[in-house]
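> Here is my input; please provide its structure:
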Amino acid sequence: MIKKLVAHGNSAALIIDRPIMDLLKVDMKTSLEVSTDGRSLIISPVENDKREKRFRTALEKVNKSHGKTLQKLAK
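Model prediction:
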C-alpha cells in the first residue's frame, strides 16, 4: 500500500485506513509510538507492560544516581 502525507495545519498527517486499524486492534484513543531506524518510519501501538518496564528501569536509574539528593530535597 502506498500512502501520501496530507497537510494538517503546519504539520503532515498519515491517514491509517480502518482495516489496518482493525488488524492492529487500535482506535482513535490508542497511543502510538513513532520511531525510526534511520531509514524507515515505525509506528506501533504502545504496549502498557513494555512502557511500564521502561519507566521502572528509568526510575531505578534516577534513584540510584540521585536518590540521596532527592531524599534531602523532600525534607
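> So which residues of this protein form helices?
Taking DSSP state H as the criterion, the chain carries its helices at 18-24, 48-74.
> what about those helices, which gets the closest to I42?
For I42, the closest of the helices of the chain is helix 18-24, at 12.8 Å, according to CB to CB. For glycine as for every other residue, the C-beta is placed from the backbone atoms N, C-alpha and C.
> Need the helices of the chain in TSV (columns: mean neighbour count, mean pLDDT and distance to V34).
Below are these laid out as TSV (neighbours: other CB atoms under 10 Å; pLDDT from 0 to 100; distance: least, CB to CB, whole Å):
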stretch	mean neighbour count	mean pLDDT	distance to V34
helix 18-24	11	93	14
helix 48-74	10	85	14
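> out of those helices, which comes closest to S35?
When the helices of the chain are compared by CB to CB, helix 48-74 sits nearest S35, at 12.6 Å.
> Compare the helices of the chain and give me the one nearest G38.
The nearest among those, by CB to CB, is helix 48-74 at 20.8 Å.
> that older thread, relative to S11, which of the helices of the chain is closest?
Ranking those by their distance to S11 (criterion: CB to CB) puts helix 18-24 first, at 20.1 Å.
> just the CA coordinates of the closest one, formatted as PDB?
The C-alpha trace of helix 18-24 is given here as PDB (Å, rounded to 0.1, in the frame of the first residue of the first chain):
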ATOM      1  CA  ARG A  18      -9.800   1.300   9.100                       C
ATOM      2  CA  PRO A  19      -8.800  -2.300   8.000                       C
ATOM      3  CA  ILE A  20      -5.300  -1.700   9.200                       C
ATOM      4  CA  MET A  21      -6.500  -0.200  12.500                       C
ATOM      5  CA  ASP A  22      -8.800  -3.200  13.000                       C
ATOM      6  CA  LEU A  23      -5.900  -5.600  12.200                       C
ATOM      7  CA  LEU A  24      -3.700  -3.900  14.800                       C
END
